[in-house]
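Chemist: What would the 3D arrangement of this be:
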Amino acid sequence: MLTDVSDHKRLIVLRHGKAAYPPVPDHERPLAQRGNTEAPAAGRWLVEQGYYPDLIITSDAVRTRQTTTWVLNELGDKAPTPYLDSRLYMAPVTRVLSVINEVEEQVRTLMLVGHMPWVQELGMRLASTESNEDAVLNMAERYPTLGMMVFDVPGEWASLDGRDANMTHFVVPR
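Modeler: As a prediction, this is how the structure comes out:
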């Protein structure tokens with residue numbers, strides 16, 4: 001049976017912008033000047049594609065919160081209030097999947113803002129055989145700061161687990 005694409009959901013996964021390395025705990029590291037300059041491009045790319053998240057869940061680390069703020073500025077009036085989730089900091093990919101699995105089904109477009117290595121590990125785990133091959137290869141080869149994946153998710157958030165989402169894009173907007 002063919003699935004109606006209008007029933008599909010969208011998952012957007014963004015790695016934070018370029019971080020600075022001041023003498024503070026890792027969790028408290030802010031964006032570097034380059035990160036602050038480039039981060040709005042991620043939000044502009046979303047707007048250009050017409051991708052407006054219903055829900056944004058971000059790691060509670062300073063650099064992810066700052067990246068999210070830049071994205072929200074670009075989304076303008078269509079920006080949701082982000083949810084900070086401490087479980088996304090230093091997370092194994094299984095914990096990230098648990099966070100996704102808890103999302104309410106009425107959320108059509110979910111965005112996560114997080115860190116390496118889980119952003120890349122999540123992409124490797126979720127990408128189905130129907131995914132855009134170039135997007136998957138580029139993501140697997142190198143996942144720089146502000147790297148962003150977009151997935152078409154045909155099922156429920158609660159059942160998302162592995163090889164069951166179609167990666168449509170991997171971009172590094174700058």
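Chemist: who touches the helix ranked longest in the chain?
Modeler: Secondary structure of the chain per DSSP state H: the longest helix is helix 62-75. Helix 62-75 is contacted by residues 14, 16-17, 19, 27-31, 35-36, 39-40, 42-44, 46-47, 52-53, 56, 58-59, 79, 82, 84, 88-89, 111, 113-115, 146 when judged by C-beta atoms under 8 Å, 6 or more residues apart in numbering. In short, each C-beta sits where N, CA and C put it, glycine included.
Chemist: Can you select the buried ones among the residues you listed for me in PyMOL?
Modeler: Filtering those down to the buried ones (16 or more other C-beta atoms under 10 Å) takes a single PyMOL command:
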select buried, resi 14+16+17+19+29+30+31+35+36+39+40+42+43+46+52+53+56+58+59+79+82+84+88+89+111+113+114+115+146
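Chemist: Quick one: mark the members of the contacts of helix 62-75 that sit in strands.
Modeler: If you go by DSSP state E, the contacts of helix 62-75 have 14, 56, 58-59, 84, 111, 113-114 in strands.
Chemist: between those, which is nearest Val172?
Modeler: Lowest distance from Val172 to the ones in strands among the contacts of helix 62-75 (C-beta to C-beta) belongs to Leu14, with 10.3 Å.
Chemist: List the contacts of the closest one.
Modeler: Counted by C-beta under 8 Å, 6+ apart, Leu14 has contacts 42, 67, 71, 111-114, 119, 146-148.
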